[in-house]
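> predicted model and sequence follow; I will ask about them next.
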Amino acid sequence: MKRRDFLSAIAGTGLVALGIDSVFSDIATAAGTLAAADQWLNTNIAPLIASSAIQDGGLLIIVFDESVLTDLSHGGGHVSLVLVGPNVKSGFQGLTMFQHQSTLRVVLSTLGVKSFPGASAAAPDMGEFFK
């Protein structure tokens, strides 16, 4: 699916799609500081979080997939995920090990899909993160 078709498909659903390819690596290369990364977040993510798309029941999912190719534990190393939205428990840290299939499952659940494809059908549900 082309990006514009995907964005049209999710319009009005409360799901926000944002693809950032190695933004922190790019910032580190360009500016070399965490302050630059913080400034980027304040400039780009803070307005998104404050928008009605998020505040009116939307969900922002930020995935930091910075694992390395040599780390094969659990299928590919440590990946951080941040969920932001009014229905997300503030400051909550889950104890369950999730993989990308669970992220697909939560995206589809947010869209109201009841049937999950492939490995997402058996993936742990991320319901513990929500109020």
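Looks like it arrived, so ask away.

> helices along this structure, start to end?
3-10, 23-30, 34-50, 52-55, 100-110 (DSSP state H).

> any low-confidence regions in the chain?
1-32, 34, 37, 65-69, 72-78 (pLDDT under 70).

> switch the cut-off to 80
Applying pLDDT under 80 to the chain picks out residues 1-41, 44, 64-79.

> how deep is the residue lying closest to residue 64 once chain neighbours are set aside tucked in, by neighbour count?
Leaving aside its sequence neighbours, residue 64 sits nearest to residue 80 (CB to CB, 6 or more residues apart in numbering; 4.2 Å). All C-beta atoms are positioned from the backbone trio N, CA, C, and that covers glycine. Around residue 80 there are 10 other residues, counting by other CB atoms under 10 Å.

> next one: residue 57 from residue 64, what distance?
24 Å (CB to CB, to the nearest Å).

> repeat that for residue 53.
21 Å.

> next one: residue 95
From residue 95 to residue 64 the distance is 19 Å (CB to CB).

> more crowded one of those two?
residue 64 (14 against 5).

> tell me the contacts of the more buried one?
Residue 64 sits next to 24, 79-82 when contact means CB atoms under 8 Å, 6 or more residues apart in numbering.

> burial count for residue 129?
With other CB under 10 Å as criterion, residue 129 counts 19.

> now it. Nearest residue, chain neighbours left out?
Residue 129's closest residue in space is residue 83 (CB to CB, 6+ apart), at 5.3 Å.

> done for today, thanks.
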